[in-house]
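Participant: Got a predicted structure here, sequence first:
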Amino acid sequence: MPAPPTTEVDTVDAAGLAQLAQALEQAAGWLRRTTPRGEWNLVAASALDALDRSGALRISELVSREAITQPAMTSVVARLAAAGLVERGPDPTDGRATLVSITDAGRAHLAGRHALRARQVAERVARLADDDRRALLAATAALIHLAEEERP
């Protein structure tokens, strides 16, 4: 009986993947901790980011992306709308549904948050050894592709 075909993932060192997963988790935690606490929680910030990247979405799509309940997302969207960061409008493909879209104020809020984070990361990366700095910069494209993967 022939051996099953191998995939690239099969050929990667399992211990190395576990170490990478732990390093990414630690880096994500560090990134969350270094961003000054604002008035918006992580779910609200992530929903804004999703709307900025993907365009208008139904609340049910945001619920799926953020893995929270429909009532919780409805509350988040209501607070973001009250602050002028998102707006709700009719879904042209289904009159019963509502689309949520980011406003210019929401984009400005995100830009400020991203700029602050970028400065903090740049300061930290600047203190690293040259080899570590080069390795992180070389991994940028791979990290972007990793982050763009949809949730299973």
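Facilitator: That came in fine, so what should we check first?
Participant: make it CA atoms for all contacts and neighbour counts henceforth
Facilitator: Fine.
Participant: Could you pull out the strands in this protein for me?
Facilitator: 57-58, 86-91, 94-102 (DSSP state E).
Participant: of all those strands, which lies closest to Gly112?
Facilitator: Ranking the strands of the chain by proximity to Gly112 (CA to CA) places strand 94-102 first, at 14.8 Å.
Participant: Let's have the strands of the chain in a markdown table, adding distance to Thr34.
Facilitator: Shown next, in a markdown table, are those (distance: least, CA to CA, whole Å):
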| stretch | distance to Thr34 |
| --- | --- |
| strand 57-58 | 29 |
| strand 86-91 | 26 |
| strand 94-102 | 25 |
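Participant: Throw those into a markdown table and include mean neighbour count, distance to Gly112 and mean pLDDT, thanks.
Facilitator: What follows is these, written out as a markdown table (neighbours: other CA atoms under 10 Å; distance: least, CA to CA, whole Å; pLDDT from 0 to 100):
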| stretch | mean neighbour count | distance to Gly112 | mean pLDDT |
| --- | --- | --- | --- |
| strand 57-58 | 18 | 23 | 94 |
| strand 86-91 | 17 | 16 | 94 |
| strand 94-102 | 16 | 15 | 90 |
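Participant: Any idea which of those strands gets closest to Leu136?
Facilitator: strand 94-102 (31.1 Å).
Participant: Show me what that closest one is packed up against.
Facilitator: helix 42-54, strand 57-58, helix 59-66, strand 86-91 (3 or more CA pairs under 8 Å, 6 or more residues apart in numbering; DSSP states H and E).
Participant: now these as JSON lines including distance to Arg107?
Facilitator: Formatted as JSON lines, those follow (distance: least, CA to CA, whole Å):
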{"stretch": "helix 42-54", "distance to Arg107": "7"}
{"stretch": "strand 57-58", "distance to Arg107": "15"}
{"stretch": "helix 59-66", "distance to Arg107": "17"}
{"stretch": "strand 86-91", "distance to Arg107": "9"}
